[in-house]
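>>> structure for this input, please:
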Amino acid sequence: QVQLVESGGGLVQAGGSVRLSCAASGRSFSTYVMGWFRQAPGKEREFVARISWRTVYADSVKGRFTISRDNDKNTVHLQMNNLKPEDTAVYFCAAARGGGMAATDYDYWGQGTQVSVSA
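Have a look, this model is predicted:
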């Protein structure tokens, strides 16, 4: 069992930066694929980034967002730069034994943290 708690969301102007963090409890954190997803009002949850032994990004965030993990501290981060209004969403941290880019691949989810980007 893995419990995930996100933090770091907030309101930021377009072009600004935000760093999200996800703290994981449970065993064998380093064996999990960790992912970030987001969900805007009225839209489906969408893949943002994942990290295992390599990183994968959605095209919409490539070059602006960076996912990283610290296995000693059981944390995963999402550094978001050059934010745009269309990045506004609730951002979720997720963990999976063998996750890809589909939300259904992930077994454990955090409660989400709101990121709002003003124009």
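>>> quick one: contacts for residue 100?
residue 50 (C-beta atoms under 8 Å, 6 or more residues apart in numbering). Quick note: C-beta positions are derived from backbone N, CA and C, even for glycine.
>>> just for the protein, where's the confidence low?
Counting by pLDDT under 70, not a single residue of the chain qualifies.
>>> quick one: the spatially most central residue of the chain and residue 93, what's the gap?
Centroid-nearest residue in the chain, with C-alpha atoms, centre = their mean: residue 36, separated by 2.4 Å. Using C-beta to C-beta, to the nearest Å, we find residue 36 at a distance of 6 Å from residue 93.
>>> joint contacts of these two?
With C-beta under 8 Å, 6+ apart as the test, residue 36 and residue 93 both reach 20, 22, 76.
>>> tabulate the residues you listed (TSV), appending neighbour count.
Compiled in TSV, these are given as follows (neighbours: other C-beta atoms under 10 Å):
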residue	neighbour count
20	24
22	25
76	28
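>>> out of those residues, flag the one nearest to residue 46.
residue 20 (15.4 Å; C-beta to C-beta).
>>> tell me the contacts of the closest one?
With C-beta under 8 Å, 6+ apart, residue 20 has these contacts: 6-9, 36, 77-78, 80, 91, 93, 113, 115.
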